Structure formats: C-alpha cells, structure tokens
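S.K.: Structure for the following, please:
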Amino acid sequence: FLITTALLLAIAALGFGAWAAAAPGAAPSAQIPGEAMTPLTDATCALVDTTRTCELWALPGTLAMPDGVNLPVWGFAASAAGPALVPGPVIHANVGETLAVVLHNEIPGENVSLAFPGQEGLIPDTTGVPAGGTTTYSFAVSGPGTFMYEAGLTSGGGRQVAMGLAGPLILDDGTEPTEVVLVLNEFDPAFNINPVNYSMNRFRAKYWLINGQAYPDTGWIDVAAGSTILMRYLNAGVDDHTLGLLGLDQAVIATDGEPLPFPQGAIAPAIAPGQTLEALVQVPLAAETD
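M.R.: This next block holds a predicted model:
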C-alpha cells in the first residue's frame with residue numbers, strides 16, 4: 001500500500017514521504033521510487049541484573065537540508081565521537097527495570113540537564129552540568145508507553161530542545177509490537193544560527209523533519225500487508241503537527257504514555273509540542289503500487 005508524498009502533504013501538513021506495505025518476501029524498493037526512511041539509532045546501553053545503563057552525549061553538529069544548507073543543531077549522540085543526532089538515539093527499556101541514563105555534556109557555553117516527562121521519582125534538574133561535565137539520572141520503569149527524553153529545566157532548556165536535544169524513550173512490557181517510531185521537528189535557520197539571542201516569538205519554521213529527514217528527502221516505510229502496526233508519534237518541536245496515512249484509518253490508543261479508555265478513530269491526529277501519541281493501523285491484505 002503506497003502513499004505518494006504529494007497526496008499525503010494535503011493531509012499531513014508536512015512531508016511524510018511514502019508508506020508502503022508489501023507482501024512478505026517482496027522487494028518494494030524495485031517498485032517504489034526514492035529510498036526507505038533512515039532507521040533511528042539506538043542508544044548505547046548495558047543491562048546488569050535489572051539495571052539498564054544508557055549513555056548519551058550532548059554535542060553540537062549540523063544537519064544537511066535538501067536545499068544544500070548545513071543547519072547548525074545540538075543533538076544527543078550514542079558515542080563521544082558523535083555525530084549529534086536529531087532526534088537523539090532511541091532508549092529502549094522494559095517494565096521492572098531501573099533505567100540509569102548517563103549524560104555527557106559537550107556543548108560549549110551551555111549547562112545541560114535531562115528531563116523525562118511522564119516518569120516518576122525524578123527531581124527536576126534546573127542546574128544541569130557545564131560543558132565537559134557528566135551526571136546520571138535514574139528511575140524505575142513502572143509502565144509501558146511512548147515517551148521522550150529531552151533537555152531539562154535549566155534556563156536554556158527550552159531553546160536546547162528547539163535546537164534538537166530530544167529523543168524517543170520507548171518503555172516495553174514484553175508484548176513486542178510491530179511498531180514505527182516517528183519523531184517530528186521543525187527548524188527556523190535564523191534561530192539555529194543564533195539560538196541564545198534569538199527571540200522565539202519570531203520563530204518561523206522553514207524545514208519540517210521526520211526522523212531527522214526534511215521534505216522532500218523523507219523516505220517511505222515498508223510494512224507487511226495484513227499486519228497491524230503501532231505508530232509511535234513524538235512531537236519534539238515547538239509547533240503543532242498532524243500526520244495522516246492516506247487511505248488508512250488510525251485508532252489512537254494512548255497519549256503521553258497513558259492509555260485511553262477507548263480507542264479514538266482519527267485520520268490525521270493532532271500532536272502538540274512535547275506530546276506523544278500511539279495509534280494502531282491495520283494495513284490492507286492487498287498490496288497496491290499507485
């Protein structure tokens with residue numbers, strides 16, 4: 001099942017690329033123009049007993065935009081060597097574990113902390129650590145859901161998130177669903193060039209990104225015909241967004257990691273800044289190519 005980029009733009013308000021469902025064993029790349037969406041990077045983690053320790057490095061970097069601009073960003077990385085990633089590496093943890101996240105800050109002139117919206121037992125870090133500093137955040141994983149980690153409540157935390165310091169936090173309960181994680185960002189080059197002094201009330205996005213790729217470089221997603229897909233949407237930007245899957249209905253089952261009492265049908269659900277949303281999508285049995 002293929003959604004063309006041009007048609008999807010009429011629904012989604014930003015370029016999603018294409019959604020493709022192919023029969024098992026098929027080679028959709030031979031039938032569908034363009035390339036598949038680049039997979040997200042996983043965080044560097046180690047599990048000892050029931051404690052999962054993951055390391056993140058906050059780094060300056062650049063993102064190549066489709067018009068040839070190398071956009072300055074701040075992103076989390078899976079290693080000290082980088083690169084800075086927007087969105088940051090995916091942190092996976094399981095219910096019953098203790099998650100310890102080690103933050104290494106390498107952004108000059110910025111104190112950086114981490115926040116984990118929706119998680120209990122954490123005192124907000126309003127100070128953070130300076131460049132070259134390291135600190136650790138720990139909490140018990142009490143329930144499954146789609147969450148984010150992001151730059152915390154320091155004086156510059158909001159601007160740091162807008163520069164790209166956020167990533168997915170996926171907490172599992174062992175059900176291992178077939179899932180697609182989509183992180184939304186938008187950037188105003190004038191802000192990225194001078195984030196400290198830029199007035200945010202002048203923010204006007206020029207680039208809209210899904211998993212770090214800006215339209216028209218967003219790729220298609222390959223899934224099996226007849227499957228049920230859990231869509232995990234995360235809005236790491238500063239604007240509201242909607243995402244639609246042309247020709248497919250979505251059943252929203254959770255927001256901000258909290259299950260809804262009943263699924264809510266939606267074509268293009270709205271996702272507020274900082275919000276996460278989970279939706280189930282049933283892919284048709286018959287694969288189509290137009």
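S.K.: Gly88: neighbour count?
M.R.: By the criterion of other CB atoms under 10 Å, Gly88 has 30 neighbours. Every residue, glycine included, has its C-beta placed from N, CA and C.
S.K.: Chain neighbours aside, what residue packs nearest to it?
M.R.: Gly167 (2.7 Å; CB to CB, 6 or more residues apart in numbering).
S.K.: Same question for Ile229.
M.R.: Val281 (4.8 Å).
S.K.: Likewise for Asp125?
M.R.: Nearest one to Asp125, counting by CB to CB, 6+ apart, is Ser113 at 3.7 Å.
S.K.: Look up how far Leu63 lies from the one you found.
M.R.: Per CB to CB, to the nearest Å, Ser113 is found 23 Å from Leu63.
S.K.: can you check Ala46 too?
M.R.: 29 Å.
S.K.: Neighbour count: those two, which is higher?
M.R.: Taking neighbours as other CB under 10 Å, Ala46 and Leu63 compare with Leu63 leading, 23 against 10.
S.K.: thought that one was touching Pro83?
M.R.: No - using CB atoms under 8 Å, Leu63 is not in contact with Pro83, being 9.5 Å away.
S.K.: how much space between the residue nearest to Ile229 and Pro259?
M.R.: As for Val281, its distance to Pro259 is 17 Å (criterion: CB to CB).
S.K.: between the two, which one's more packed in?
M.R.: A direct count of neighbours by other CB under 10 Å for Val281 and Pro259 places Val281 higher, at 18 against 13.
S.K.: Before we move on, what's the pLDDT of Gln31?
M.R.: Predicted confidence (pLDDT) for Gln31: 38.
S.K.: Equivalent analysis for Ala23, please.
M.R.: pLDDT, Ala23: 32.
S.K.: what sits against the residue nearest to Gly88?
M.R.: Shown in contact with Gly167 (CB atoms under 8 Å, 6 or more residues apart in numbering): 43, 56, 76, 85, 87-91, 148-150, 183, 236.
S.K.: just the residues you listed now: which is nearest Pro177?
M.R.: Closest to Pro177 out of the contacts of Gly167 is Val90 (14.7 Å), distances taken as CB to CB.
S.K.: Just grab the bridge partners of that closest one for me.
M.R.: For Val90, the beta-bridge partners under DSSP bridges are Asp42.
S.K.: show me the contacts for it.
M.R.: 40-43, 167-170, 181.
S.K.: Next, format those residues as JSON lines and append distance to Ile267.
M.R.: Output for the contacts of Val90, formatted as JSON lines (distance: CB to CB, whole Å):
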{"residue": "Leu40", "distance to Ile267": "25"}
{"residue": "Thr41", "distance to Ile267": "31"}
{"residue": "Asp42", "distance to Ile267": "31"}
{"residue": "Ala43", "distance to Ile267": "33"}
{"residue": "Gly167", "distance to Ile267": "28"}
{"residue": "Pro168", "distance to Ile267": "24"}
{"residue": "Leu169", "distance to Ile267": "27"}
{"residue": "Ile170", "distance to Ile267": "25"}
{"residue": "Val181", "distance to Ile267": "20"}
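S.K.: how about these in a markdown table, adding pLDDT?
M.R.: As requested, the contacts of Val90 are arranged in a markdown table below (pLDDT from 0 to 100):
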| residue | pLDDT |
| --- | --- |
| Leu40 | 95 |
| Thr41 | 96 |
| Asp42 | 97 |
| Ala43 | 97 |
| Gly167 | 98 |
| Pro168 | 98 |
| Leu169 | 98 |
| Ile170 | 97 |
| Val181 | 97 |
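S.K.: where exactly do the strands run in the stretch 101-250 of the chain?
M.R.: Ranges of strands within the stretch 101-250 of the chain are 114-115, 134-140, 145-151, 166-172, 179-187, 207-210, 213-214, 221-224, 228-235, 241-242, 250-255, based on DSSP state E, counting those that start in this stretch.
S.K.: Quick check: which of those is buried the most?
M.R.: Highest mean neighbour count of these: strand 145-151, a mean of 25 (counted as mean count of other CB atoms under 10 Å).
S.K.: can you pull the alpha-carbon coordinates of it into PDB?
M.R.: Output in PDB follows, covering the C-alpha atoms of strand 145-151 (Å, rounded to 0.1, in the frame of the first residue of the first chain):
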ATOM      1  CA  GLY A 145       4.400   3.600  26.700                       C
ATOM      2  CA  THR A 146       5.800   6.100  24.300                       C
ATOM      3  CA  PHE A 147       7.700   8.900  26.000                       C
ATOM      4  CA  MET A 148      10.500  11.400  25.300                       C
ATOM      5  CA  TYR A 149      13.700  12.400  27.000                       C
ATOM      6  CA  GLU A 150      14.800  16.000  26.400                       C
ATOM      7  CA  ALA A 151      16.900  18.800  27.600                       C
END
